[in-house]
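Colleague: no sequence on this one, just coordinates:
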């Protein structure tokens, strides 16, 4: 995926830490907060853009570069603010990688079923949010003792919605091991067709992570049925 522009909504401890980490990795970042004093959590030389405003105000989102953003994290202290912001980002601007921090686990389950990834504060880490915002396949969540097997978590790319997840296998080198769909884990991955909001768990040999990343981003065309096959 490379360098992307990311919007962080909420400049509390969480949002500031996320914004700093993203810029350290070379990504462009705009951070939005209602209170300008919140920006004191950022270093004086922080290179991103600060916008005083709301994550669900279109003018403020436009000022933050929402029309060209590749990711948005809504990490304020309010569930309602975060989910409204996330839905606007996904539905109005078509931002591909959106994540909302949700405190209420019941609400989180509902929003996951709507295809909006959520992270609960109990299990929240900056790394988990970044994996959803900037899903570089090389970033492994787990490796085996030899360092040759990597387990990664990746939100289903838009290009794979409606396609068989069995097509994500690279024989002997990579496969989907589980899918989190609507808050429910699924292990029958070869029989599943990708749906928006799916969270994929993939196992891949370290030497094949680049191949798997390219497959995720640019799936092969679906085979075209031979219309003459059934003709006499």
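Modeller: Alright, I've got the coordinates. Bear in mind the structure is a predicted one, so any value in this text is a computation, not a measurement.

Colleague: in stretch 76-88, what counts as buried?
Modeller: 76, 79, 81-88 (16 or more other CB atoms under 10 Å). Backbone N, C-alpha and C define where each C-beta goes, glycine included.

Colleague: restricted to helices, list those residues.
Modeller: 79, 81-88 (DSSP state H).

Colleague: now flag whichever of those is closest to residue 187.
Modeller: Nearest to residue 187 among these: residue 86, at 27.8 Å, using CB to CB.

Colleague: tell me which residues of the helix or strand harbouring residue 202 are tucked away?
Modeller: Using DSSP states H and E, residue 202 sits in strand 199-205. With burial defined by 16+ other CB under 10 Å, the residues of strand 199-205 counted as buried are 199-204.

Colleague: again with stretch 171-187
Modeller: Buried, per 16+ other CB under 10 Å, within stretch 171-187: 174-176, 178-181.

Colleague: now swap in stretch 93-100 and tell me
Modeller: Quick answer for stretch 93-100 (16+ other CB under 10 Å): 93, 95-100.

Colleague: can you list the ones in helices among the buried residues of stretch 76-88 in JSON lines and add distance to residue 148 and pLDDT?
Modeller: Formatted as JSON lines, these follow (distance: CB to CB, whole Å; pLDDT from 0 to 100):
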{"residue": "79", "distance to residue 148": "41", "pLDDT": "86"}
{"residue": "81", "distance to residue 148": "43", "pLDDT": "91"}
{"residue": "82", "distance to residue 148": "38", "pLDDT": "91"}
{"residue": "83", "distance to residue 148": "40", "pLDDT": "89"}
{"residue": "84", "distance to residue 148": "44", "pLDDT": "91"}
{"residue": "85", "distance to residue 148": "40", "pLDDT": "94"}
{"residue": "86", "distance to residue 148": "37", "pLDDT": "91"}
{"residue": "87", "distance to residue 148": "41", "pLDDT": "90"}
{"residue": "88", "distance to residue 148": "42", "pLDDT": "95"}
